[in-house]
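A.B. asks: sequence? don't have it. structure:
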């Protein structure tokens with residue numbers, strides 16, 4: 001209820017950084033659409049449309065050849081630049097009168113829920129209100145359908161693609177979601193988005209729901225033994241996390257200022273490291289491309305750039321040359337690191353409730369000294385194993401914990417591309433998913 005809300009007044013100024021919006025010029029748009037229309041003509045409707053950022057162009061072509069189908073997807077139809085071009089002057093369109101007419105069912109004596117229901121119609125993105133008809137007309141006029149559509153992340157973020165798969169689903173075509181991170185399949189909540197829109201989810205974690213299949217991750221598999229013990233390595237790499245500065249939704253991860261722990265933990269952690277190790281610290285601030293600003297990265301640079309190396313370029317080289325990697329969040333970067341070589345997760349576990357789905361795995365990782373919640377204990381462990389971390393990393397307890405982690409949350413294989421292609425080939429021959 002509103003009476004239980006604690007409102008704090010502050011003089012802090014809110015900062016907002018506008019992102020550059022790009023448009024096609026008229027002739028470039030017409031030409032690109034013409035080329036993609038030609039692609040569409042030669043594509044059979046009875047095929048698998050695969051779109052995933054984690055699959056390289058080379059692997060994509062290998063998969064398409066295995067499926068015996070053309071690799072020419074008309075991706076221009078759904079690009080961000082295409083979206084801004086067709087919306088054009090209506091990009092910031094907002095009509096308060098139209099929104100006030102949206103009627104939602106209220107619940108008696110549920111004051112906070114009623115507040116959300118009353119507010120949400122004014123907060124909906126304009127592609128669902130003012131620009132809905134224009135977008136629907138554009139996507140419908142494409143007259144482009146595919147029997148099976150596999151989406152890695154576009155069903156979350158790509159507006160035109162969302163409309164397109166909705167039209168395909170309405171026609172009876174199959175929608176398959178492909179995980180793009182190790183935590184996606186274990187989200188908590190009353191509504192599980194991928195389950196709601198898709199007929200099947202291909203994940204890297206152990207099967208937990210009916211319409212799920214566990215397959216090796218193509219991207220993660222490229223990290224297998226990337227930092228093996230055959231080469232002498234130098235750096236202690238600290239990988240931070242980032243999020244939106246102000247809460248935008250309810251997630252299974254740190255919200256807003258909660259992410260400051262990555263800075264506080266590093267400060268305490270570094271103070272207890274041996275001097276010889278401190279000299280080789282490299283910090284990699286993580287910033288997601290769709291965030292309006294890099295506020296955590298800016299803080300890290302301000303606090304630590306005079307004493308430690310901040311990595312902004314040549315990250316792969318530092319990564320491969322890191323003796324131990326310290327991750328601050330149990331998502332894809334942690335999976336990549338643990339698959340590649342000696343790794344520690346230094347984090348606040350209560351901020352990541354999805355790990356509660358794997359209580360035995362979490363206990364094994366803690367016992368193997370792969371997970372730490374105490375920065376001082378993590379530093380003491382690093383001091384102890386630094387001269388030869390592979391002795392700890394290859395111990396039976398650690399090997400068992402790593403194996404369990406991979407099998408339960410981040411399945412990999414040196415033959416991941418072939419396995420993925422074989423599975424899709426079998427899938428293509430099924431009438432029902």
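C.D. replies: Sure thing, it's come through. These numbers were taken from a predicted model, which means no experiment stands behind them. Residues are numbered from 1 along each chain as shown.
A.B. asks: Check the offset of the longest helix along the chain from the chain's centre.
C.D. replies: In the chain, taking DSSP state H as the definition, the longest helix is helix 26-42. Distance of helix 26-42 from its chain centroid, counting by C-alpha atoms, centre = their mean, to the nearest Å, is 30 Å.
A.B. asks: go on, stretch 228-245?
C.D. replies: Centre to centre, stretch against its chain (C-alpha atoms, centre = their mean), the figure for stretch 228-245 is 18 Å.
A.B. asks: Could you give the average pLDDT over the longest helix of the chain?
C.D. replies: For helix 26-42, mean pLDDT is 94.
A.B. asks: can you pull out the helices in the stretch 151-300 of the chain?
C.D. replies: In the stretch 151-300 of the chain, the helices defined using DSSP state H, counting those that start in this stretch lie at 154-157, 159-171, 193-197, 218-221, 261-271, 275-278, 295-304.
A.B. asks: Which of the ones you listed comes out lowest on mean pLDDT?
C.D. replies: Across these, the lowest-scoring stretch is helix 193-197, with a mean of 80.
A.B. asks: which other helices and strands contact it?
C.D. replies: Under the contact criterion of 3 or more C-beta pairs under 8 Å, 6 or more residues apart in numbering; DSSP states H and E, helix 193-197 touches helix 154-157, helix 159-171, strand 174-178. Yep, even glycine has a C-beta here, placed from its N, CA and C like the rest.
A.B. asks: what's that helix in contact with?
C.D. replies: 155, 156, 165, 166, 169, 175, 177, 184, 185, 201, 209, 211 (C-beta atoms under 8 Å, 6 or more residues apart in numbering).
A.B. asks: between those residues, which has the most around it?
C.D. replies: Neighbour counts for the contacts of helix 193-197 (other C-beta atoms under 10 Å) peak at residue 177, which has 29 neighbours.
A.B. asks: Distance of it relative to residue 199?
C.D. replies: Per C-beta to C-beta, to the nearest Å, residue 177 is found 9 Å from residue 199.
A.B. asks: What of residue 193?
C.D. replies: 14 Å.
A.B. asks: Save the helices and strands packed on helix 193-197 as JSON lines, and put in distance to residue 302 too.
C.D. replies: Below are the helices and strands packed on helix 193-197 laid out as JSON lines (distance: least, C-beta to C-beta, whole Å):
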{"stretch": "helix 154-157", "distance to residue 302": "30"}
{"stretch": "helix 159-171", "distance to residue 302": "35"}
{"stretch": "strand 174-178", "distance to residue 302": "38"}
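A.B. asks: Figure out which of the ones you listed is closest to residue 388.
C.D. replies: Minimum separation from residue 388 across these (C-beta to C-beta) falls at strand 174-178, 38.7 Å.
A.B. asks: Just want the angle from the closest one to helix 159-171.
C.D. replies: 140 degrees (axes from the mean of the first three to the mean of the last three C-alpha atoms, to 10 degrees).
A.B. asks: Would you mind naming the helix or strand containing residue 403?
C.D. replies: Using DSSP states H and E, residue 403 sits within helix 396-409.
A.B. asks: In that helix, which residues are buried?
C.D. replies: 398, 401, 402, 404, 405, 406, 408, 409 (16 or more other C-beta atoms under 10 Å).
A.B. asks: Equivalent analysis for stretch 79-90, please.
C.D. replies: 79, 82, 83, 85, 86, 87.
A.B. asks: Need the residues that contact it.
C.D. replies: 21-24, 29, 76, 91, 126-127, 130-131, 134-135, 138, 158-160.
A.B. asks: Quick check: mean pLDDT of it?
C.D. replies: Mean pLDDT, stretch 79-90: 93.
A.B. asks: Check the offset of it from the chain's centre.
C.D. replies: 24 Å.
A.B. asks: Residue 122 against residue 97, yeah?
C.D. replies: No. Checked against C-beta atoms under 8 Å, the pair residue 122 and residue 97 is beyond contact range at 11.4 Å.
A.B. asks: Mind checking which of these two has more residues around it?
C.D. replies: Higher neighbour count among residue 122 and residue 97: residue 122, with 12 against 6, using other C-beta under 10 Å.
A.B. asks: What separation do you get for residue 308 and residue 240?
C.D. replies: From residue 308 to residue 240 the distance is 12 Å (C-beta to C-beta).
A.B. asks: Next, the contact list for residue 178, please.
C.D. replies: Neighbouring residues of residue 178 by C-beta under 8 Å, 6+ apart: 52, 150, 151, 152, 201, 202.
A.B. asks: try 6 Å this time
C.D. replies: Applying C-beta atoms under 6 Å, 6 or more residues apart in numbering, we find residue 178 in contact with 52, 150, 152, 202.
A.B. asks: Any stretches of the protein with poor pLDDT?
C.D. replies: In the predicted model of the chain, residues 1-8, 12-19, 108, 110, 183-192, 248-251, 289-292, 429-433 satisfy pLDDT under 70.
A.B. asks: those strands in it, which residues are they?
C.D. replies: 48-51, 148-151, 174-178, 200-203, 212-214, 235-239, 281-284, 309-310, 322-327, 343-346, 371-372 (DSSP state E).
A.B. asks: What are the contacting residues of the first one?
C.D. replies: Translated: strand 48-51. 146, 148, 149, 150, 151, 154, 424, 428.
A.B. asks: related to what we said a few turns ago, mark which of the contacts of stretch 79-90 are buried, thanks.
C.D. replies: Buried by 16+ other C-beta under 10 Å: 23-24, 29, 76, 126-127, 130-131, 135, 138, 158-160, out of the contacts of stretch 79-90.
A.B. asks: sorry, back to before: in a markdown table: the buried residues of helix 396-409, plus distance to residue 72.
C.D. replies: A markdown table is the format used below for these (distance: C-beta to C-beta, whole Å):
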| residue | distance to residue 72 |
| --- | --- |
| 398 | 46 |
| 401 | 44 |
| 402 | 40 |
| 404 | 41 |
| 405 | 38 |
| 406 | 35 |
| 408 | 37 |
| 409 | 35 |
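A.B. asks: out of residue 193 and residue 199, which sits in the busier spot?
C.D. replies: In terms of neighbours (other C-beta under 10 Å), residue 199 is the more surrounded of residue 193 and residue 199; the figures are 16 against 13.
A.B. asks: ok, residue 314 - how many residues close by?
C.D. replies: The burial count for residue 314: 9, using other C-beta under 10 Å.
A.B. asks: now do residue 315
C.D. replies: A total of 13 residues lie near residue 315 under the criterion other C-beta under 10 Å.
A.B. asks: Not counting sequence-adjacent ones, nearest residue to it?
C.D. replies: residue 284 (6.3 Å; C-beta to C-beta, 6 or more residues apart in numbering).
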